[in-house]
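Novice: how does the following fold in three dimensions:
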Amino acid sequence: QVQVVESGGGLVQPGGSLRLSCAVSGLPLNNYAVAWFRQAPGKGREGVSAIGISDGTTHYIDSVKSRFIISRGDGETTVYLQMNSLKPEDTAVYYCAAGWRSSTWTQLIPYDYDYVGQGTQVTVSS
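Specialist: Numbering: from 1, shown residues only. The predicted model follows:
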């Protein structure tokens, strides 16, 4: 049984940092990519970042480049999203998702990622 479990969300002031964790079990992650998506109130789901587990290749959307860092844990079953210099517009529910490393995995298309966690709330506010 595949499980994707996020943790690490919370309330932080603008300019602050948070680290999200994503634990994936039940998949041979070496052939997969893991991505973070987010959904703000009243908006659609947006891809934020992704990492190819086998080689650590990463991809980010422009609005988070230089602020967010995606990485793998040593056991390749955990993926982290270090979020720095947070802005109020980063407020959203953040979802971790795993999918087969297809040719379009860097495009952060939700349907490329079959296994999605329950989400964790990130609120950036003073």
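Novice: isn't Leu32 up against Ala97?
Specialist: Wrong residue type there; residue 32 is Tyr, not Leu. No - if you go by C-beta atoms under 8 Å, Tyr32 and Ala97 don't touch, sitting 10.0 Å apart. C-beta: built from backbone N, CA, C; applies to glycine.
Novice: list the contacts of the residue positioned nearest the centre of the chain.
Specialist: What sits nearest the mean C-alpha location of the chain, by C-alpha atoms, centre = their mean, is Trp36, with 2.0 Å. For Trp36, the contact set (C-beta atoms under 8 Å, 6 or more residues apart in numbering) comprises 20, 22, 47-50, 70, 79, 81, 94-97.
Novice: what about the closest residue to it other than its chain neighbours, how many neighbours?
Specialist: Nearest non-adjacent residue to Trp36, counting by C-beta to C-beta, 6 or more residues apart in numbering: Val48, 4.6 Å away. By other C-beta atoms under 10 Å, 24 other residues sit near Val48.
Novice: dump the residue contacts of Val48.
Specialist: Contact partners of Val48, counting by C-beta under 8 Å, 6+ apart, are 35-38, 60-61, 64, 68, 81, 94, 108.
Novice: repeat for Leu81
Specialist: Neighbouring residues of Leu81 by C-beta under 8 Å, 6+ apart: 19-20, 22, 36, 48-49, 68-70, 94.
Novice: again, only this time at 10 Å
Specialist: Applying C-beta atoms under 10 Å, 6 or more residues apart in numbering to Leu81 gives the contacts 6, 8, 18-22, 34-36, 38, 48-49, 51, 64, 68-71, 94, 96, 122.
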